[in-house]
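>>> Here you go, sequence then predicted model.
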Amino acid sequence: MMFVITFLVAVLAATADELPGQKIEEVCSADHTRLCHENTIQSEGAMRCLMVRREETSTPCRDALNARRQSAQDRVRSACASEIAAHCAREPADAPIGCLRRYEGHLSDHCRVSLPRWIG
């Protein structure tokens, strides 16, 4: 039962990153085809590729990716406030996700499920 709840929270968190009326799959389709070699734009690997290469993407795609990244970082800061204070206080304020990944074994379940896999 806990696994199902954790999975649903993760799915809802992932879909919360979308901009109203603007899906990454639609806005970044041409950029995905040009820059990434994943079979489907919905995969974590494709999202990771687009994020890493976002400076090479079109302006609408880059704007959508930056909005998704900011939304994910805001969600992580909220869900992981105590973990950030305990483990990442000396890290740059705009990079909590990478720091938290190094301490993943010490994170609460609530914090761990909020970490997106497509941001390093």
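Yep, it's here.
>>> domain assignment for the protein?
21-79, 80-115 (automatic domain parsing).
>>> quick one, phi psi at Ala57?
Check again: residue 57 is Thr, not Ala. Torsion angles at Thr57 (phi, psi; degrees, to the nearest 10) stand at phi -90, psi 170.
>>> That one - how many residues pack around it?
Neighbours of Thr57 under the rule other C-beta atoms under 10 Å: 22. From N, CA and C alone the C-beta is placed, and that goes for glycine too.
>>> So Leu115 sits against Gly98, correct?
No - counting by C-beta atoms under 8 Å, Leu115 does not reach Gly98; the two are 9.9 Å apart.
>>> on that earlier part again, and the domains of the chain as CSV, adding mean pLDDT?
Listed next are the domains of the chain as CSV, based on pLDDT from 0 to 100:
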stretch, mean pLDDT
domain 21-79, 88
domain 80-115, 88
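>>> returning to what we had before: the more surrounded of Leu115 and Gly98?
Taking other C-beta under 10 Å, Leu115 and Gly98 do not tie; Leu115 has more neighbours (21 against 13).
>>> Distance of that one relative to Ser58?
28 Å (C-beta to C-beta, to the nearest Å).
>>> what's the answer for Ala67, then?
14 Å.
>>> OK, contacts around Cys88?
Residues in contact with Cys88, defined by C-beta atoms under 8 Å, 6 or more residues apart in numbering, are Pro96, Cys99, Leu100, Tyr103.
>>> top of those residues by neighbour count?
Leu100 (23 neighbours).
>>> three-state assignment of it?
Classification of Leu100 by DSSP: H, G, I helix; E, B strand; the rest coil places it in helix.
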